[in-house]
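Trainee: I need the structure of the sequence given here:
(chains A and B)
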There are 2 protein chains.
Amino acid sequence: MARSFAQRMNGVHPSAIRDLMSLAADPEIISFGGGFPDPESFPSEAFAEILSEQMASHAKVALQYSASEGLPSLRSHIADLMGIDGIQCAADDVLVLQGAQQGLDLVAKLMIDPGDLIVTENPTFIGALVAFAPYQPRYAVAELDEDGVNTDDLERVLISNPGAKFIYTVPDFQNPTGVTMSLERRRRLLELAQIHDILILEDTPYRTLRYDGSSLPSLKSLDTTGRVIHLGSFSKMLAPALRLGWVIAPAEILRKLALLKLAADTQCSTLNMSVASAFLDEYDLTAHTRRSVQIHKTQRDLALETIQHTFPDTIDFSKPDGGLFIWLTFPKGFDAGKHLAEHAIPEDRVAYVPGAPFYSVLPEPNHARLSYAGKNPDDLVHGLTRLGESFHRAELGLRAIAK
Amino acid sequence: MARSFAQRMNGVHPSAIRDLMSLAADPEIISFGGGFPDPESFPSEAFAEILSEQMASHAKVALQYSASEGLPSLRSHIADLMGIDGIQCAADDVLVLQGAQQGLDLVAKLMIDPGDLIVTENPTFIGALVAFAPYQPRYAVAELDEDGVNTDDLERVLISNPGAKFIYTVPDFQNPTGVTMSLERRRRLLELAQIHDILILEDTPYRTLRYDGSSLPSLKSLDTTGRVIHLGSFSKMLAPALRLGWVIAPAEILRKLALLKLAADTQCSTLNMSVASAFLDEYDLTAHTRRSVQIHKTQRDLALETIQHTFPDTIDFSKPDGGLFIWLTFPKGFDAGKHLAEHAIPEDRVAYVPGAPFYSVLPEPNHARLSYAGKNPDDLVHGLTRLGESFHRAELGLRAIAK
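Mentor: Numbering: from 1, shown residues only, chains lettered A, B, ... in the order given. Next up is the predicted model:
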């Protein structure tokens, strides 16, 4: 059993996640490691009122079991939100999930037999790799640049891997790189998926957190052939603690995912679904989102400005239009994981996520992910300045090696 | 893909669950179908106070991500509860889950490769069969009587099925039969598991809902060889809507389950974990449980009395000492599913769960599960009386056939 489990977990580095979680616990360390939205953006006052009302007048219903597919009122609200975002669907087309993460698990459970091939962006979201791992897939990767997945590279991958099960993508403000797929690439991705008859798993947890520019249509909204499975989440839209996300999928797939949801955990929390539904009934989501965007945009701006001024020129960094992450690319030969363990944490008391675990095939050691979300201005400036100094010293070290 | 899914879901009848859920929605039908605790037993006032306090002073923490294994304070409380119940463990030995149902999914995910054999009681909890199904196990069954699983039969099963992965059991007030495993059987079950070197998955969602007699030691508390995986739940202890349960397991298994939990849905709701933890901090669980037991005991008493007076003598029924369920055994030849669809619902406007889906190998049509929980006295008496009349008419029909 132990061997079988190790085989299943081959290629993921969950310890990287665990270690980072424990880092965040040390108050002396300024950590850019997490992907936690700023708690100032949570609709705490609205939730306080809603919870008080729920307990006063609906406690017997709100604390009881409810429908496995999700509260009908919440499914209806999500269908409305999707409609506004260009995806025409009804409440029955929505399955409420324990965060979008559960969608990654259930889609993998439905689709993947051991040895099946999945196409991911390179790099890709580590949480997806962790979710897929127990089902023992193999991976092929398509390169990513500032316009999202490189569709020429994707075409090459699809041609050389017939029978791949699905393409996994985070088109908006990708985790870990922060890049957004261009409209042209979105259209081409769908075209390629149709030509090669492959499903697309579209993961959009950061979609509403756009700071600059206009929203681009989701892949699901552009899909005319029913091949996109769309995951959404309230974690960054309202609050992570609700553990609420959803999936929109072709009817036959949704029916199966609903059964797997029932099997996995019966249902989501009735209480939390009631809170989200009441918020969407009674409060202004647009105003709430505007406020959340402003909070995170300010942090992104200050982070980019500080990085620009304090990091060595040899480090490339992404300039995200939204979401929570900046991606660093160091000169080849630099090991971001080693630097974190040997210098950044013990000497400079500052942390980030090394990039290697975000690669499904060949880990690249010369990257790191930073999250600016939830950091106060002092920590942002001082932490990133300290990190810049740390990298400057490391760069000198690199030069010394080069001599 | 469709075929593969159908294969995986072979042998489970989720439509039975769905259909019953939809029945409960028709207010004209008195349904004994669900397994919903009485909402009068929910600690609504305590939760109202706790939620108000959480939102006033801890909203930023209570609405944020937290630890995947569960809030440390809640894990500690669960370890204390387990200690009082005879299971010595520390907070680190507890993994918080999205209800005990998630434990069924994750244990199956960890243990079962397609074709592996699982031993279940006959009949067994349908939710476990639904959870196990995607991993494509085979089953062997040990018969059940009023003292729980028949250990002689179990011995026969274990001898003829070497290499079976685990024994799944609900020792207290089993779903669907309501029976409780005797102390002698518990000891013998553990002995047999040791002899045949097999793990035991112990599921205890109803354990605290005991109306008569003394609590018997859990299998985990009697286990000296580290072979019991113990699932617990707050669904019947506090409220189902929290979606909170837990697993206690040998360290190496728990470590793997924790990784699978992270992969499946990141974590349980921080808000709900905070509520449960605060309840256990600030309120009297013993007094709360006493009240809940009294509510459900009254309903069980009235249900048994009404069945005794109104059902045909040819129908056997279990007399549970706790939990939510009564199990009916009809004369051979009676099809409880057919009677439900053709008579009980359309003519008598009363519903129950046919027993067939609770069998992992050979469905027996001549059984039904009734839940008395949450029914007011009028509905209990009138609904069961109508059901008794319905069965009397059917019995006449049977006699007519027999002639």
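Trainee: So which bits of the stretch 151-300 of chain A are right by chain B?
Mentor: Listed as neighbours of chain B in the stretch 151-300 of chain A under the rule C-beta under 8 Å from any C-beta of the partner chain: A:235, A:239-243, A:252, A:256, A:259-260, A:262-272. In this view, the C-beta of every residue, glycine as well, is placed from N, C-alpha and C.
Trainee: Those in helices, which ones?
Mentor: When DSSP state H defines the helices, the subset of those inside them is A:252, A:256, A:259, A:260, A:262, A:263, A:264, A:265, A:270, A:271, A:272.
Trainee: Contacts only, for the fourth one.
Mentor: It refers to residue A:260. A:106, A:109, A:110, B:134 (C-beta atoms under 8 Å, 6 or more residues apart in numbering or on different chains).
Trainee: Kindly state the pLDDT recorded for the last one?
Mentor: Think residue B:134. Looking at residue B:134, its pLDDT stands at 95.
Trainee: Looking at the ones in helices among the residues of the stretch 151-300 of chain A next to chain B, spot the one nearest residue A:29.
Mentor: Closest to residue A:29 out of those is residue A:272 (31.3 Å), distances taken as C-beta to C-beta.
Trainee: what are the ranges of the strands in the stretch 51-200 of chain A?
Mentor: Remark: strands of the stretch 51-200 of chain A, listed N- to C-terminal, are A:94-97, A:117-122, A:138-145, A:148-149, A:166-169, A:199-203; assignment by DSSP state E, counting those that start in this stretch.
Trainee: Just send these back as a markdown table, with mean pLDDT too.
Mentor: Formatted as a markdown table, the strands of the stretch 51-200 of chain A follow (pLDDT from 0 to 100):
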| stretch | mean pLDDT |
| --- | --- |
| strand A:94-97 | 98 |
| strand A:117-122 | 98 |
| strand A:138-145 | 98 |
| strand A:148-149 | 98 |
| strand A:166-169 | 98 |
| strand A:199-203 | 98 |
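Trainee: in the stretch 301-403 of chain A, which segments are predicted with low confidence?
Mentor: Screening the stretch 301-403 of chain A residue by residue with the criterion pLDDT under 70, one finds the ranges A:396-403.
Trainee: Apply 50 and report the result again.
Mentor: Screening the stretch 301-403 of chain A residue by residue with the criterion pLDDT under 50, one finds the ranges A:400, A:402-403.
Trainee: Could you pull out the strands in it for me?
Mentor: For the stretch 301-403 of chain A, the strands identified by DSSP E, counting those that start in this stretch occupy A:316-317, A:325-329, A:350-351, A:353-354, A:367-371, in order along the chain.
Trainee: so what are the domain limits for chain A?
Mentor: Residue ranges of the domains in chain A are recorded as A:2-42+A:287-402, A:66-282, according to automatic domain parsing.
Trainee: any chance of those in TSV, plus distance to residue B:124?
Mentor: Formatted as TSV, the entries for these read as follows, by distance: least, C-beta to C-beta, whole Å:
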stretch	distance to residue B:124
domain A:2-42+A:287-402	25
domain A:66-282	15
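Trainee: Return the most buried member of those domains.
Mentor: Burial among these, expressed as mean neighbours by mean count of other C-beta atoms under 10 Å in any protein chain shown, is greatest for domain A:66-282, which shows a mean of 22.
Trainee: Skipping adjacent residues, who's closest to the residue positioned nearest the centre of chain A in space?
Mentor: For chain A, the residue lying nearest the average C-alpha position, counting by C-alpha atoms, centre = their mean, turns out to be residue A:175 (4.9 Å). If you skip the residues right next to it in sequence, residue A:175 has residue A:125 as its closest partner in space, 4.6 Å away by C-beta to C-beta, 6 or more residues apart in numbering or on different chains.
Trainee: Could you list which residues are in contact with the one you found?
Mentor: Contacts of residue A:125 were listed using C-beta under 8 Å, 6+ apart, and they are A:170, A:174, A:175, A:176, A:203, A:358.
Trainee: Over to residue A:311?
Mentor: A:317, A:328, A:384, A:387, A:388, A:391.
Trainee: Skipping its backbone neighbours, what lies nearest residue A:262 in space?
Mentor: The spatially closest residue to residue A:262, leaving aside those adjacent along the chain, is residue A:68, at 4.4 Å (C-beta to C-beta, 6+ apart).
Trainee: So residue A:34: helix, strand or coil?
Mentor: Taken by DSSP: H, G, I helix; E, B strand; the rest coil, the conformation at residue A:34 corresponds to coil.
Trainee: Residue A:369 is in contact with that one, correct?
Mentor: No. With contact taken as C-beta atoms under 8 Å, residue A:34 and residue A:369 are classed as non-touching, separated by 10.1 Å.
Trainee: Quick check: residue A:253 touching residue A:229?
Mentor: Yes. Checked against C-beta under 8 Å, the pair residue A:253 and residue A:229 is within contact range at 6.4 Å.
Trainee: quick one, helices of the stretch 1-150 of chain A?
Mentor: In the stretch 1-150 of chain A, the segments counted as helices under DSSP state H, counting those that start in this stretch are A:2-8, A:14-24, A:44-57, A:59-62, A:72-84, A:99-111, A:126-132.
Trainee: tell me what the last one is packed against?
Mentor: Spelled out, it's helix A:126-132. Counting contacts by 3 or more C-beta pairs under 8 Å, 6 or more residues apart in numbering or on different chains; DSSP states H and E, the secondary-structure elements packed against helix A:126-132 are helix A:14-24, helix A:99-111, strand A:117-122, helix B:251-265.
Trainee: Distance to residue A:365 for these - can I get that in JSON lines?
Mentor: Output for the helices and strands packed on helix A:126-132, formatted as JSON lines (distance: least, C-beta to C-beta, whole Å):
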{"stretch": "helix A:14-24", "distance to residue A:365": "13"}
{"stretch": "helix A:99-111", "distance to residue A:365": "25"}
{"stretch": "strand A:117-122", "distance to residue A:365": "14"}
{"stretch": "helix B:251-265", "distance to residue A:365": "24"}
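Trainee: need the contact list for the closest residue to chain B within the stretch 301-403 of chain A.
Mentor: When you check the stretch 301-403 of chain A against chain B by C-beta to the nearest C-beta, the closest residue turns out to be residue A:374, at 8.7 Å. Listed by C-beta under 8 Å, 6+ apart, the contact set of residue A:374 reads A:34, A:36, A:37, A:38, A:39, A:40, A:299.
Trainee: Double-check the third one against residue A:292; I have them as touching.
Mentor: If I follow you right, that is residue A:37. Yes. Counting by C-beta under 8 Å, residue A:292 is a contact partner of residue A:37 at 7.4 Å.
Trainee: any common contacting residues for those two?
Mentor: Here residue A:37 and residue A:292 share the contacting residues A:209, A:236, scored by C-beta under 8 Å, 6+ apart.
Trainee: Compute the first-to-last residue distance for stretch A:330-344.
Mentor: End-to-end span of stretch A:330-344 (C-alpha to C-alpha, to the nearest Å): 15 Å.
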